[in-house]
Every structure is written in structure tokens, then in C-alpha cells.
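Colleague: Below are the sequence and a predicted model for it; my questions follow.
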Amino acid sequence: MNTLTRFDRIDNLFPELFRRWARPMQLIDEHTLPADIRVDISENDKEYLVSAELPGAKKEDIRVSIDGNYVSIAAEVKKEQEETHGRSLVRETYHGTVSRGFTLASDVDDKAAVAKLDDGVLRLTLPKREGSGSRTLKIQ
């Protein structure tokens with residue numbers, strides 16, 4: 001292993017460490033939402049396809065906002081867990097909110113956009129707005 005690889009690993013450790021420090025409940029239960037919403041975004045000529053991981057979130061607790069080319073996803077998670085071990089009882093309650101926003105290259109046609117939640121994965125189909133493509137200006 002060379003020196004650069006060792007430093008890369010340390011470099012990648014600190015952002016995750018600080019994210020977990022900012023959200024102490026994340027250390028207790030790995031089945032709740034991550035510190036940030038993980039997204040996969042792909043694009044074709046007509047639309048953007050977004051997959052966002054939201055385990056444990058219900059569709060009525062998810063809010064998706066579109067403003068031009070800016071997309072925002074927010075979710076509220078409530079979780080209660082109760083365990084009995086002999087004579088002792090353990091009850092843990094978690095309540096939290098996560099959000100994620102990102103900017104796309106083209107404006108989104110918010111009237112034709114579709115959102116579906118399936119097995120903890122939010123899938124967004126975001127059609128591109130006509131005439132909002134990028135343009136390169138010729139220098140005069």
C-alpha cells in the first residue's frame with residue numbers, strides 16, 4: 001500500500017465521522033435513515049430519473065419540491081421499537097427529519113413529474129422542460 005492510498009482512506013473517514021457526530025441517533029440504530037439521503041441520478045434526452053433511498057419513511061411523510069432546475073426531497077421518520085427480555089422492557093423511539101437538494105442542468109416540467117415510493121426507494125421521473133436546454137454563446 002502506498003502513502004497516497006493511506007491518506008485517501010483517512011480523508012474519506014473524516015466527513016463520515018463528522019456526519020455521524022452531528023446525528024448521534026445514527027450510531028444507535030442502522031435501520032433508520034442515513035445522515036443524508038443517498039440518490040442516484042441518470043439522464044436521457046427527455047427526462048431525469050432519480051432514485052432516493054428512504055428506508056422507514058411513509059409516502060405521506062415525504063415532500064418533493066421542484067423549483068425550475070432545483071429539486072428538494074425531505075422526509076420525516078418516526079420509529080418505535082419495543083423489546084421484552086425476561087423482566088426488563090426496552091422501548092426506543094426515534095423521530096427525525098432528513099433532506100437533500102440538488103440542481104439539475106435543465107429546468108424540470110413540474111406538471112408532468114412523477115414520484116413513486118417502492119420498498120423504501122423513492123423514484124422520481126422528472127421530464128425536462130421544452131426550450132430550457134443549455135446554449136453556448138458565440139463571443140463577438
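Modeller: Happy to help now that I have it.
Colleague: Every contact and neighbour count from this point should use C-alpha atoms.
Modeller: Fine.
Colleague: What residues does K46 make contact with?
Modeller: 127-128 (Cα atoms under 8 Å, 6 or more residues apart in numbering).
Colleague: any idea how far E76 is from G68?
Modeller: Using Cα to Cα, to the nearest Å, one gets 24 Å for the distance from E76 to G68.
Colleague: repeat for E92
Modeller: 41 Å.
Colleague: So for the two, which residue has more residues nearby?
Modeller: G68 (16 against 11; other Cα atoms under 10 Å).
Colleague: Just the helices from this protein, written as ranges.
Modeller: Assigned helices in the chain, in chain order: 3-22, 25-28 (criterion: DSSP state H).
Colleague: between those helices, which has the poorest average model confidence?
Modeller: Ranked by mean pLDDT, the helices of the chain end with helix 25-28 in last place, scoring a mean of 44.
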